[in-house]
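Asker: Sequence and predicted structure below; questions after.
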Amino acid sequence: MSKTRALVHSYVGRKALMALSGLVLLGFVLVHMVANLQMFAGAARIDGYARSLRQAPVLLWSARAMLLGAFVVHVVIAAQLAAVKRSARPVAYRKRWDLGAGTPARSMLWTGLLLALFVLVHLANLTWGFLHPHFAGGQVYANVISLFRGAPAVAFYALAMLALGLHMAHGGWSLWQSLGLDLPASSRWLRRGARVAAVTVAGGLLSVVVAAALGWLR
């Protein structure tokens with residue numbers, strides 16, 4: 001087995017791959033949040049943005065392929081690391097919830113599972129359209145507004161945004177540890193930066209859901 005392959009199959013290597021894939025996904029949600037805020041500029045702006053993406057199909061599909069690869073790597077390695085951790089400690093600590101880790105760190109597995117489900121539901125609603133009750137191709141603004149007229153969709157998306165914030169708050173900081181870049185002098189700032197990014201992204205995405213649900217977007 002080559003050194004590169006051995007590293008990839010090692011615990012440290014898999015943690016690094018998970019961190020790199022997480023960094024790609026983090027960059028995507030930041031860009032996606034900024035793009036979604038164009039909802040507040042009206043239908044012409046957000047629908048025009050969606051059309052502009054389709055005018056460069058090579059770039060669009062390249063980005064989609066990279067995101068799909070990062071998503072699959074992140075999910076698969078997360079499952080593998082969870083299995084390794086479970087096999088190393090088959091009996092849970094009796095006072096596990098009293099340990100020093102905060103809520104985001106303790107909830108990473110569950111928020112990750114919810115986010116994986118959310119990605120599929122979100123695509124089925126606003127990209128593929130077969131779960132959306134009134135989907136119209138190319139009409140992003142109208143699709144978003146009509147989707148969030150229903151309480152179940154609002155509740156599910158709000159829960160998903162909470163999960164995203166918790167996942168980013170810990171993952172956005174721990175990925176630097178996995179890459180060996182969390183130096184003592186920068187640790188506090190990296191942790192704070194991850195929390196700020198988590199609140200900004202989750203809050204920005206949730207603001208669109210709330211605005212549509214309350215009728216502020218028409």
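Answerer: Received it, and whenever you're ready, just let me know what you need.
Asker: roughly how far apart are residue 215 and residue 148?
Answerer: Distance, residue 215 to residue 148, by C-beta to C-beta, to the nearest Å: 10 Å. (Glycine included, C-beta is placed from N, CA and C.)
Asker: So for those two, which sits in the more crowded spot?
Answerer: For residue 215 versus residue 148, neighbours defined as other C-beta atoms under 10 Å are more numerous around residue 148 (21 against 10).
Asker: Tell me which other helices or strands the top helix by length along the chain touches.
Answerer: In the chain, assigned by DSSP state H, the helix with the most residues is helix 57-88. Applying 3 or more C-beta pairs under 8 Å, 6 or more residues apart in numbering; DSSP states H and E, one finds that helix 57-88 contacts helix 11-36, helix 108-126.
Asker: In CSV, list these along with mean pLDDT and distance to residue 45.
Answerer: Shown next, in CSV, are the helices and strands packed on helix 57-88 (pLDDT from 0 to 100; distance: least, C-beta to C-beta, whole Å):
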stretch, mean pLDDT, distance to residue 45
helix 11-36, 93, 10
helix 108-126, 94, 17
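Asker: Just put those in JSON lines and tack on distance to residue 170 and mean neighbour count.
Answerer: What follows is these, written out as JSON lines (distance: least, C-beta to C-beta, whole Å; neighbours: other C-beta atoms under 10 Å):
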{"stretch": "helix 11-36", "distance to residue 170": "11", "mean neighbour count": "17"}
{"stretch": "helix 108-126", "distance to residue 170": "6", "mean neighbour count": "16"}
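Asker: any weak-confidence spans in this protein?
Answerer: Within the chain, the ranges that satisfy pLDDT under 70 run 1-8, 88-105.
Asker: repeat that for 80
Answerer: 1-9, 85-106, 182-185 (pLDDT under 80).
Asker: quick one: contacts for the nearest residue to residue 172 once chain neighbours are set aside?
Answerer: The shortest distance from residue 172 to any non-neighbouring residue, by C-beta to C-beta, 6 or more residues apart in numbering, is to residue 194 (3.3 Å). Contacts for residue 194 (C-beta atoms under 8 Å, 6 or more residues apart in numbering) come out as 168, 169, 170, 171, 172, 173.
Asker: Which of these fall in helices?
Answerer: 168, 169, 170, 171, 172, 173.
Asker: Quick one: buried ones out of those?
Answerer: Among the ones in helices among the contacts of residue 194, those scoring as buried are 168, 169, 170, 171, 172, 173 (criterion: 16 or more other C-beta atoms under 10 Å).
Asker: Identify the farthest-apart pair in those.
Answerer: 168 and 173 (9.1 Å; C-beta to C-beta).
Asker: List just the nearest of the buried ones among the ones in helices among the contacts of residue 194 to residue 68.
Answerer: residue 171 (18.8 Å).
Asker: can you tell me how far the closest residue to that closest one other than its chain neighbours sits from residue 29?
Answerer: Of all residues not flanking residue 171 in the chain, residue 22 sits nearest, at 5.4 Å (C-beta to C-beta, 6+ apart). Distance of residue 22 to residue 29, given as C-beta to C-beta: 10 Å.
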